[in-house]
Structures are given as structure tokens and as C-alpha cells.
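> Sequence first, then the predicted structure:
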Amino acid sequence: MILAAGLASLSIMPRDAQAVGLTFALSDTTAAAGATITASGHCNPGWAEDSAEVLVWFESDPVDSVRSTVTQGHWTGPADPVHTADWGDWSVELTVPSLPAGDTGIRATCNSYNGSDPQAYDPVTFTVEAAPASISLSSAWTGAGGSNTVTGSGFAPGETVRIVLQSDPVEVGVLTANGSGAISGSFVVPRTTEPGAHTVVVTGATSARAASSSLSVRAAASIGTITRVGCTALIPVATSGGGSSFSFEVWDDGTELSSVSWVGPVDEVLTWTMTQPIAQSAPGVGFYVESGGVTLAEVGNWDLPAEVAALCTSTPPVTLALPGYPGATVAGETVAVSGSGYLPGEEVVLTIGGVVVGTALVSDEGTFSGSFTVPSGTDPGAQTLTATGAFTGRSAQVTLTVLSPPARTTPASAGTPAATPTSDDTPAPATTASLADTGTGAGPALLVGAGMTLLAGVWLVGRRRRTT
């Protein structure tokens, strides 16, 4: 059987026209798979019209054998003839096949002398070198905090392979080579990685074989699901990229309404509150995270329901009332309170004489209702309750009367009649102040104790929308 696969090129070397013995040599006796080597020798074709056929192959991979046919004066084969004035010298290039690392042999035979039996050359020992380790990445760039996939080969079968991201070396993954020394797996670029050119280095723990590939790291950002509390949008924002500058911007029909900037990774909930009507050229507003003039994340055309937007952008009268108030109270008692005309979702702070006595959340209808407790130690007399919107500053007041606590009566001694108070000792009747209930009757909002806050840890971005 004659095998022709793998033939790269063949040439006839000039020699004197004389009979010589069979010779066979290699240009290299050690090379890795994929390398090219040259085999050369002499096969006497016999008479001028006779042909000589040379077969050369790797013992471990005979399919990759190559054939050359030598005659006096020319060579015939799968390519165009190569003319020569010589007798029987041959040379052929061989590509080292994918064989396991180690020793193998290269053999050759010569079929010449008017079709006589093939004559075998002595085999030549050849060493297949272990292929150098190599890797490739699924993408040439990755955002900080993002993932990439590495594939590679040339490692020792079954060994642990470590993935390190440089310049500042940090191990980002560990893989195990399969039985062929190949690897494949993903790794995550740390969020704090500075954008720019980096190198991924993969090293076998046992063989110490290593390979590397360039990786460009870019700043990255994401905007999560936006929710709403009244007129305020809560926008989860995460950014990655150590040393990178980021900005969060709110735009409406080409006009920037508000923005905030920072450096480095964050994972925060930013807020923006609507207080002015939105332009009508396009619905809603757009939220954008940028770095270096590049938009990394965006949510466009975010809008509030029409009825909520109307409340958020209107300026209704602000009212405050004490529903069911009997006209007077004493320190320590609980008093109902309600108000209207505030911004939906904002916090209302209740104070008496500068002392915070409670806070409340405004409903989507711009109202709140609940109760507060008159602080102990409050001076008797007329006191002013003030309710102030924490975001808008909208404020309303109402007056309440605080009475002195009732005097204690000392029990009379046994057998001694109790003293009858004179007219001068009779307490004066309480002064009654009639206050109208101007609340809207909306469902109750949350009231919390003094000093507590509504959205601890929330970063307020929007200050005031610009009218377009």
C-alpha cells in the first residue's frame, strides 16, 4: 500500500552518476508536533527507464507517510515533475504529526531495480518533544468584574493549573488538565482591577509549563431594577474598575438635570426625585453611568405614572390638622395628626419647640396621617407643632394646648374630715381651641420615633430638576 498524505515538497539532489548504497538521514532528530523536518537519501532506480519508489513514515503514525518516486532524470508524483540530471537521490519534507511526547522511529523503503522487492532503510530514532503550553481567551477584553474563558493545551495530564492576572499578580482561577493536558474554564476579573493592558498567565503546578495571553480590562457598570417611593426613583448602581472615574447622570430631552461623580468601585442605591414637569419631546428621563466619555450602562425613558407625576410637579396648599383633638392635652399623651400637600414619598419631620417628636412618610396622594406623643417635660401652655417635608421643605403648623399635670391629693388621716377647698382653690376651666381637620383622609403613612430616618444609607443624587 502506498500512502501519500502529508507530502509537502520533494527535490532531487545532484550527484555523480555512479552506483551508491542506500542512505537515509534526517535534518533534525528532535522536534515538537507540527514542526517540519527533512528526510533525504539515495534509491538507485537501476536502468534509465526504471523508476524507484521511496516510502517514508513515522512508526507511530503510518498514515502520515509520504511517497516519492525517483527515476533517472526526473521525478513523478502528485505534483509537477522536478527535473534533474542525477540518479536516485531524494529529499522530502515531513511535518511531525501529533504524537505523544517521547521516542519513535522514522522508516523508509526503496522499491527499485526493475520492480524488485522493496529494500528497507535502517530506521532512524526520532524524539517527539512535548508541545509547548499555549492558551487562548474567549475575548480579548473583559470589563472589571466580568468573566472570561481560557482554553489551552500542552500541560501535564491531570495536573493543577493556576490562572494569574498580572500586572499586580492576583490568582483568579484554578483548573485541572485533562488526560491530554488540555484545559478549559472561566475566571472572573476582580472589580478593583484598573482598566488597561493586562496579562493572563497560566502555569502548570507540576510541569511548570506556562503560557500567557494579553487581556484588556475596561471599566464596567450596571444599573439594576429601578423602583419608586412616591416621587423618588431608587436606582441600584454598581461600578467596577480601580482608579476609574464614574459619573451618574439624569437627562431629559438633551438637558442634563443632575449628576454625581465618584472614583472606583461602588455598589449603591442612588436616588432622584421629580419636582418639575418632564419635557414632552420624549417620554420619561434617562439614567446613565459613564466613564471617560463612554456610556457603560443606561436606562432610558423611565417615567412615573401620570397621576403621580402630576402630584410630584404640583404645588398644592400644605395643611396640618389634629383629628379628634379635644382642645387640650398633657405631656406624655398621644395625639393624632394628619397633613396634606407634601411631596409623595418624602419624609415629614414633626417637631415641638425644635424637638423632633416623630417622622412620617407621605403617601402617593401627598398626604400622611398617624400620631405622636407629647414629650414629657413640655412646658404647659400653647405649643406649636410643625410638620416639615425633608426634601421639599414644605411646612405647616398647628397650635395645641398643653395643660399642667393634675395636682396630687394627700389622703386625709383616719377620723379627720378632708378639707373643703375654697373658691380660690378651684382650678380654672381649660381653654378650648377648636382646630379644623383639614386632612385628605388618605390611608395612614408610617410614623417612626424621633431621630430615626427613612432610607438610611441611600445616596441622594437629584437636587432639583431644571425646567426645560
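Received, thanks. Numbers count the residues shown, from 1 in each chain.

> what bits of the stretch 51-200 of the chain have low per-residue confidence?
Where the stretch 51-200 of the chain drops to pLDDT under 70, the residues are 51-52, 61-88, 111-118.

> who's in contact with the closest residue to V56 other than its chain neighbours?
In this structure, V56 finds its nearest non-sequential neighbour in A108, 4.5 Å apart by C-beta to C-beta, 6 or more residues apart in numbering. Placement of C-beta: from N, CA and C, glycine included. With contacts defined as C-beta atoms under 8 Å, 6 or more residues apart in numbering, A108 is in contact with F24, A39, G41, V54, L55, V56, W57, A120, Y121.

> Please dump these into JSON lines; it should also carry distance to A297 for every row.
Shown next, in JSON lines, are the contacts of A108 (distance: C-beta to C-beta, whole Å):
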{"residue": "F24", "distance to A297": "67"}
{"residue": "A39", "distance to A297": "61"}
{"residue": "G41", "distance to A297": "68"}
{"residue": "V54", "distance to A297": "67"}
{"residue": "L55", "distance to A297": "65"}
{"residue": "V56", "distance to A297": "62"}
{"residue": "W57", "distance to A297": "60"}
{"residue": "A120", "distance to A297": "71"}
{"residue": "Y121", "distance to A297": "69"}
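
> need these in CSV with secondary structure and neighbour count, can you?
Shown next, in CSV, are those (DSSP: H, G, I helix; E, B strand; the rest coil; neighbours: other C-beta atoms under 10 Å):
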residue, secondary structure, neighbour count
F24, strand, 22
A39, strand, 23
G41, strand, 23
V54, strand, 26
L55, strand, 22
V56, strand, 26
W57, strand, 23
A120, strand, 13
Y121, coil, 21
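
> Kindly indicate which of the residues you listed lies nearest L175.
W57 (36.3 Å; C-beta to C-beta).

> Which neighbouring elements make contact with the strand or helix carrying L350?
Per DSSP states H and E: L350 is located in strand 347-352. Packing partners of strand 347-352 (3 or more C-beta pairs under 8 Å, 6 or more residues apart in numbering; DSSP states H and E): strand 355-361, strand 381-389.

> Swap in 10 Å and give it another go.
With contacts taken as 3 or more C-beta pairs under 10 Å, 6 or more residues apart in numbering; DSSP states H and E, strand 347-352 sits against strand 334-340, strand 355-361, strand 368-373, strand 381-389, strand 395-403, strand 447-448.

> Format these as CSV; extra columns: mean neighbour count, mean pLDDT and distance to V201.
CSV is the format used below for those (neighbours: other C-beta atoms under 10 Å; pLDDT from 0 to 100; distance: least, C-beta to C-beta, whole Å):
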stretch, mean neighbour count, mean pLDDT, distance to V201
strand 334-340, 21, 96, 65
strand 355-361, 20, 94, 54
strand 368-373, 21, 94, 61
strand 381-389, 17, 95, 58
strand 395-403, 17, 95, 64
strand 447-448, 16, 34, 55
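
> for those strands, which one sits closest to V299?
Evaluated with C-beta to C-beta, the helices and strands packed on strand 347-352 place strand 355-361 nearest to V299, the distance being 25.0 Å.

> Does anything pack onto that closest one? Which helices or strands?
Counting by 3+ C-beta pairs under 10 Å, 6+ apart, strand 355-361 packs on strand 334-340, strand 347-352, strand 368-373, strand 381-389, strand 447-448.

> rerun at 7 Å
If contacts are counted by 3 or more C-beta pairs under 7 Å, 6 or more residues apart in numbering; DSSP states H and E, strand 355-361 sits against strand 347-352, strand 368-373, strand 447-448.

> and the second one, which strands flank it?
Take DSSP bridges as the rule and strand 368-373 pairs in its sheet with strand 334-340 (antiparallel).

> shouldn't S91 be in contact with T38?
Yes: using C-beta atoms under 7 Å, S91 is in contact with T38, at 6.1 Å.

> Mind splitting this structure into its structural domains?
10-129, 134-218, 220-309 (automatic domain parsing).

> can I get those in JSON lines with distance to G370?
Shown next, in JSON lines, are the domains of the chain (distance: least, C-beta to C-beta, whole Å):
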{"stretch": "domain 10-129", "distance to G370": "79"}
{"stretch": "domain 134-218", "distance to G370": "42"}
{"stretch": "domain 220-309", "distance to G370": "16"}
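
> Just tell me which of these ends up closest to V356.
domain 220-309 (20.9 Å).

> follow-up on the earlier one: of all the helices and strands packed on strand 347-352, which one is nearest P195?
With C-beta to C-beta, the closest approach to P195 among these belongs to strand 355-361: 41.0 Å.

> Give me the distance from the closest one to the chain's centre.
How far strand 355-361 lies from its chain's middle: 40 Å, per C-alpha atoms, centre = their mean, to the nearest Å.
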